[in-house]
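Colleague: Sequence and predicted model, in that order:
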Amino acid sequence: MNYFADFTTVTATAPPDQMICSAPFDVTFTGDATPNHFWDFGDGTGTSTLQNPMYTYADSGVYTVMYVAIDSSTCNIADTVYFTITLNLEPELTAVFDLPTVDPCTSPDSLEVNLTFTGAPGAADSLFWDLGDGTTYIDSTSLSHFYTSQGVYVITMEAWDFTCGTYATITDTVDFTLSFSYAVADASPNILACDPPFDVTFDGGTPPPPMSFWDFDDGTTSTLTNPTHTFLDTGHYDILYVAIDSSTCNIADSVWLTVDILEAEQFSATLDFDPPPPCGSDSIVVNLAFTGTGADSLAWDFGDGTIIENDTIVSHVYYTPGVYTISLYAEDTLCDKTETVNNVLYFYGNPNSEVIVPNVFTPNQDGKNDYILFSGVDPNAEFTWTIFNRWGKPIFETVRRGQAWDGTNMFNAKPLEAGLYYYELIFRDQCTDEDKIITGFIHLMR
């Protein structure tokens, strides 16, 4: 007979202690591989017979959990273990920054700020304050600090809760900048008006003030920023302008300016100019006269670099052919009136030129002598150049300077046969100012 003693026991394995720092407090438990289980979650209400239950705690706290592993086939039938569940509410890491506003019209030597950590007592395991000016504080829950230099400073508080691993940072900005703001009356300069109606526009400056007041020294006023005022009589007026801004330190600022209303002289400028013939001599003389009134200053510009000032009668000689713009600049300095009169002088000298029309060309597209064009006509003169075939029918016509004939019929763009073609060139002669006609033949060779 064999007798074997086999003692088996059940053993309950305790899960590790747990800590949770934020709701909902859902905790999952893991039991042993035994047939039966019993959990008491330590809050006086919750139990379970599941192997791996999940239980939601209603509130934070420290709970002792009992776990019983049950196996009726073993000698001890059941085994019990205890472990702890810690449930913490996540701490609020907050602060209040008491940052005063600087009065723009004062000049304090310093600015005091008051800073307070407003989280629950003991909520923060560590505090760090950075005042933005190089000053720092550690683990102070309430502090006062003075800024003695003007500037804009960023204040930062950093807080740590090591138990739950919570971190928070709070920032704010303090502006310790003294800004002395003043209302400034910036009126337009003194005004001289010479032409009726005597409407004068005043400028209250930029940017304009919220309110304005003008006294025009003739019994009238205005509250517009940029008023236009009509003075009814000539004379000298002392104008008062007040710029008003209640948000500034001085509230209002005043300035004076003057307006002089004068009856201006009648002003006109004319250039007495009888242009000489443009051709036939090696030089040309022009005689000019100012026939206007009311001018304090004169300047004659002859267009060749010569300028004569303040003479009412002038004479000038041109030796170089050309086209000259003669200008008279007249100015009334008192009333700031100006007038410029221009006239054009054509001086062609004593030309000895002739109109040239080539009599042969070869439009064969070899880049040589492919076009025909006349020369010698006044570049400013009107002209008409017409070319005819042997039957007298026009095959080319132009009034455009620089347009050459390329040997084609301009009306159908077809190349023309070799042969003689008759032309007429009608133009206005630059010296005689008469129309002239030149005729001839052009030999087109292929």
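Modeller: Happy to help now that I have it. Please read all numbers here as calculations on a predicted model, not as lab measurements.

Colleague: can I see the domain layout of the protein?
Modeller: Listed by automatic domain parsing, the domain ranges of the chain are 18-87, 95-176, 191-261, 271-347, 360-444.

Colleague: any idea of the mean pLDDT in the third one?
Modeller: If I follow you right, that is domain 191-261. For domain 191-261, mean pLDDT rounds to 85.

Colleague: Determine how far that domain lies from the middle of the whole chain.
Modeller: 32 Å (C-alpha atoms, centre = their mean, to the nearest Å).

Colleague: repeat for the first one
Modeller: Mean C-alpha position of domain 18-87 versus that of the full chain (C-alpha atoms, centre = their mean) differs by 70 Å.

Colleague: would you turn the domains of the chain into JSON lines with distance to Ala12 and mean neighbour count?
Modeller: Every residue, glycine included, has its C-beta placed from N, CA and C. Formatted as JSON lines, the domains of the chain follow (distance: least, C-beta to C-beta, whole Å; neighbours: other C-beta atoms under 10 Å):
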{"stretch": "domain 18-87", "distance to Ala12": "4", "mean neighbour count": "15"}
{"stretch": "domain 95-176", "distance to Ala12": "29", "mean neighbour count": "15"}
{"stretch": "domain 191-261", "distance to Ala12": "78", "mean neighbour count": "15"}
{"stretch": "domain 271-347", "distance to Ala12": "111", "mean neighbour count": "15"}
{"stretch": "domain 360-444", "distance to Ala12": "113", "mean neighbour count": "14"}
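
Colleague: Could you tell me the least trusted of the ones you listed?
Modeller: domain 271-347 has the lowest average pLDDT among the domains of the chain, namely a mean of 81.

Colleague: Tell me how far Asn287 lies from Val314.
Modeller: Between Asn287 and Val314 the distance is 8 Å, computed by C-beta to C-beta, to the nearest Å.

Colleague: make that Ser107, sorry
Modeller: In terms of C-beta to C-beta, Ser107 sits 68 Å off from Val314.

Colleague: One more: Phe347?
Modeller: Distance from Phe347 to Val314, by C-beta to C-beta: 17 Å.

Colleague: same thing with Thr320?
Modeller: Thr320 is 19 Å from Val314, by C-beta to C-beta.

Colleague: now swap in Arg446 and tell me
Modeller: Distance of Arg446 to Val314, given as C-beta to C-beta: 62 Å.

Colleague: Same check on Gly440?
Modeller: From Gly440 to Val314 the distance is 47 Å (C-beta to C-beta).

Colleague: okay but Phe374 is in contact with Trp385, surely?
Modeller: Yes. Using C-beta atoms under 8 Å, Phe374 is in contact with Trp385, at 6.5 Å.

Colleague: Name the residues contacting each of the two.
Modeller: Leu425 (C-beta atoms under 8 Å, 6 or more residues apart in numbering).

Colleague: Leaving out sequence neighbours, find the closest residue to Thr106.
Modeller: In space, Thr106 comes closest to Leu178 once its chain neighbours are excluded; the distance is 7.7 Å by C-beta to C-beta, 6 or more residues apart in numbering.

Colleague: Locate that neighbour within the secondary structure: which element?
Modeller: Taking DSSP states H and E as the definition, one finds Leu178 inside no helix or strand.

Colleague: Who are the contact partners of Thr439?
Modeller: Here Thr439 is in contact with 422-425 (C-beta under 8 Å, 6+ apart).

Colleague: That one bridge partners, please.
Modeller: Taking DSSP bridges as the rule, Thr439 bridges to Glu424.

Colleague: next one: the one 5 residues further on
Modeller: According to DSSP bridges, Phe361, Gly419 are recorded as the beta-bridge partners of Leu444.

Colleague: same question, Ala95
Modeller: Those that pair with Ala95 in a beta bridge, by DSSP bridges, are Phe117.

Colleague: Next: Ser315.
Modeller: In beta-bridge terms (that is, DSSP bridges), Ser315 pairs with Asn287.

Colleague: That one and Val286, how far apart?
Modeller: Taking C-beta to C-beta, one finds Ser315 at 7 Å from Val286.

Colleague: And for Thr362?
Modeller: As judged by C-beta to C-beta, Thr362 and Val286 stand 49 Å apart.

Colleague: I'd say Asp215 and Pro227 touch.
Modeller: No. If you go by C-beta under 8 Å, Asp215 and Pro227 don't touch, sitting 11.2 Å apart.

Colleague: quick one: the strands in the stretch 201-350 of the chain?
Modeller: 211-215, 221-222, 228-231, 235-244, 252-261, 271-272, 284-290, 297-301, 307-309, 313-318, 322-332, 337-347 (DSSP state E, counting those that start in this stretch).
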